[in-house]
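> Predicted model, plus sequence, below.
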Amino acid sequence: MTATAWNLPDGFSEGDRLPEQISAVAQRFNREYEGKSFDLPEEVEAMPVFQDWAAGTLQAKIASPFWEIAQPKKNQHCLDLGCGLSFLVYPWRDWQALFHGQDISSVACDALKARGPQLNSKLFKGIKKGPAHLLDYDDLKFDLVLATGVSCYYSLAYWRSVITAVKGVLKPDGLFVFDVLDPDAPLADNWSILETYMGVEVTDYALADWQALVRETGGKVVKQTSNDLFRLLKVKF
């Protein structure tokens, strides 16, 4: 994905590193979804966090269970930003909620386009390829917008533009649920090192900075939970 493939948010210019960051994150996840290996130093591969990643057990430790604080409800329109393979993994059929996905990974988009309708053509409403600040959904308003495992790769300034975009597609009583990296969490340091060697930089803002950003954009954190890496925030505007 190049800088000319989409419009930059207000306050950003072609000289900013945002296009590089988005491209790097897309490449990192394309590689993982394709099952390709990463060329890592021996000392990184010796780290327990890498061993968990290689064994496929890391995701269970760091995934943010958004449904525990905002479970999608029957017939609700839900937008999952940075969705990855969410529709194929989480129990959307049990929830009977209408899934709309958006991701910058071409591999994830292709996989969901191919398998989503086969899994449940009624609930799967499609997936768009694009960054989280560009939400082109016309007059469709969502009951719930999700973004887990996304904000940790970007600046507060960029996430401000994402929140602004999300507010534009939410219903008046809708919720935005997203997670942020907790710099004091048990896995934070080693996971950040692993991600760096996988080709992406991780941001480590204080939780107070994220909470201040929510307030500045007119939101209120109404509930939050934590795991070994992320703090999950439920925001109402």
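Nice, thanks for sending it over.

> mind saving the C-alpha coords of the least confident helix or strand in the chain by mean pLDDT as PDB?
Ranked by mean pLDDT, DSSP states H and E, the weakest helix or strand in the chain is helix 58-62, scoring a mean of 93. C-alpha atoms of helix 58-62 as PDB (Å, rounded to 0.1, in the frame of the first residue of the first chain):
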ATOM      1  CA  LEU A  58       0.700 -16.400  22.200                       C
ATOM      2  CA  GLN A  59      -2.500 -15.100  20.600                       C
ATOM      3  CA  ALA A  60      -4.600 -16.600  23.300                       C
ATOM      4  CA  LYS A  61      -2.600 -14.700  25.900                       C
ATOM      5  CA  ILE A  62      -2.700 -11.300  24.300                       C
END
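
> In that helix, which residues are buried?
Buried residues in helix 58-62, counted by 16 or more other Cβ atoms under 10 Å: 58, 62. C-beta: built from backbone N, CA, C; applies to glycine.

> State the next helix or strand along the chain beyond it.
Toward the C-terminal end, the helix or strand that comes next after helix 58-62 (DSSP states H and E) is strand 77-81.

> Contacts for the helix or strand following that following strand next, please.
With elements assigned by DSSP H and E, the helix or strand that comes after strand 77-81 is helix 86-89. The contact list for helix 86-89 (Cβ atoms under 8 Å, 6 or more residues apart in numbering) reads 80, 92, 99, 101, 111-112, 115-116, 119, 123-124, 127.

> Which members of those residues are the farthest-apart pair?
Within the contacts of helix 86-89, two members stand farthest from each other by Cβ to Cβ: 111 and 123, at 16.4 Å.

> Among the contacts of helix 86-89, which one lies nearest to residue 31?
Nearest to residue 31 among the contacts of helix 86-89: residue 111, at 14.0 Å, using Cβ to Cβ.

> in what helix or strand does the closest one lie?
Using DSSP H and E, residue 111 maps to helix 106-120.

> Can you list the buried residues in that helix?
Within helix 106-120, the residues that count as buried by 16+ other Cβ under 10 Å are 107-109, 111-112, 116.

> tell me the contacts of residue 200?
Applying Cβ under 8 Å, 6+ apart, we find residue 200 in contact with 21, 24-25, 28, 153.

> was I right about residue 92 contacting residue 123?
Yes - counting by Cβ atoms under 8 Å, residue 92 touches residue 123, with 5.5 Å between them.

> what is in contact with those two at once?
Overlap of the contact sets of residue 92 and residue 123 (by Cβ under 8 Å, 6+ apart) consists of residue 99.
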